[in-house]
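Q: Give me coordinates for this.
(2 chains)
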Amino acid sequence: DAMVIQNPRYQVTQFGKPVTLSCSQTLNHNVMYWYQQKSSQAPKLLFHYYDKDFNNEADTPDNFQSRRPNTSFCFLDIRSPGLGDAAMYLCATSRDKREHEQYFGPGTRLTVT
Amino acid sequence: AQKITQTQPGMFVQEKEAVTLDCTYDTSDPSYGLFWYKQPSSGEMIFLIYQGSYDQQNATEGRYSLNFQKARKSANLVISASQLGDSAMYFCAMREGWGGTASKLTFGTGTRLQVTL
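A: Numbers count the residues shown, from 1 in each chain, chains lettered A, B, ... in the order given. From the prediction side, this is the model:
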């Protein structure tokens, strides 16, 4: 089945140790998104790629970076995780800019110790 | 200012009953879309229903319907014949603009629905 896959589902990292979360999709969608969702809060968009064009949200900290080496994969890099970065990270895709539905992956829950 | 407001942090409903989850929104853009997503405890966001700002009729998808009142800027989700599997967090979201940028969603804070026997 076509889907959005996130690995790992649970990630533990140490304070200040770089960590990478991965997302892959078999939907061949043009747009990929990364959201951060802290406990009991709404998901917050960090950035998105439209094809190879990277679009950062104005309030996304510099500590967060992203890479999209090809259509199928997108990575979220946290250069120096702080305790406040512990959250669920959701990857989503949409077919195109005008597509109204976003397809979400199961998320990666990040713990920072 | 909050763009999406969900005033019900938690709701209870008995199995087989209908329930309405409230959502109000704020935008000055004439072109926007409204969405409802379900998030079970597993974490995945599941798309339920969509309403475009120019849609004349209320959206329906199976047991889900969206009560869209444009003048009041409300987009309430109605779930009919509730099932135990409907217990989850429900998020209302809005996309503003059309085509200029990717489909950026702004989410509300969510309503936790608990279906009881």
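Q: can we go C-alpha only for contacts and neighbour counts from here?
A: Fine.
Q: Report how many residues lie close to the residue lying closest to residue B:87 once chain neighbours are set aside.
A: The spatial neighbour of residue B:87 that comes closest, neighbours along the chain excluded (C-alpha to C-alpha, 6 or more residues apart in numbering or on different chains), is residue B:114 at 4.7 Å. The tally of other residues near residue B:114 (other C-alpha atoms under 10 Å in any protein chain shown) stands at 19.
Q: likewise residue A:33?
A: Residue A:33 - counted by other C-alpha under 10 Å - has 27 other residues nearby.
Q: shouldn't it be in contact with residue A:93?
A: Yes - in this structure, residue A:33 is within contact of residue A:93 by C-alpha atoms under 8 Å, at 6.0 Å.
Q: hey, what's in contact with both of those two?
A: Residues touching both residue A:33 and residue A:93 (C-alpha atoms under 8 Å, 6 or more residues apart in numbering or on different chains): none.
Q: those strands in chain A, which residues are they?
A: For chain A, the strands defined by DSSP state E cover A:4-7, A:10-13, A:19-25, A:31-37, A:44-50, A:53-56, A:64-67, A:73-78, A:87-94, A:103-104, A:108-112.
Q: can you redo the ones you listed as TSV with mean pLDDT?
A: Listed next are the strands of chain A as TSV, based on pLDDT from 0 to 100:
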stretch	mean pLDDT
strand A:4-7	93
strand A:10-13	96
strand A:19-25	97
strand A:31-37	94
strand A:44-50	92
strand A:53-56	91
strand A:64-67	96
strand A:73-78	97
strand A:87-94	94
strand A:103-104	91
strand A:108-112	96
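Q: Out of those, the one nearest chain B is which?
A: Nearest to chain B among the strands of chain A is strand A:103-104 (5.6 Å), distances taken as C-alpha to the nearest C-alpha.
Q: The closest one pairs with which strands, parallel or anti?
A: strand A:87-94 (antiparallel) (DSSP bridges).
Q: ok, what's across the strand from the spatially most central residue of chain A?
A: Nearest to the mean C-alpha position of chain A, by C-alpha atoms, centre = their mean, lies residue A:34 at 3.0 Å. Taking DSSP bridges as the rule, residue A:34 bridges to residue A:47, residue A:91.
Q: need the residues of chain A near chain B, please.
A: A:31, A:40-45, A:48, A:50, A:90, A:94, A:96-107 (C-alpha under 8 Å from any C-alpha of the partner chain).
Q: I'd like to know which of the residues you listed are buried.
A: A:31, A:42-45, A:48, A:50, A:90, A:94, A:96-97, A:100-107 (16 or more other C-alpha atoms under 10 Å in any protein chain shown).
Q: Relative to residue B:48, how far out is the residue nearest to the centre of chain A?
A: 20 Å (C-alpha to C-alpha, to the nearest Å).
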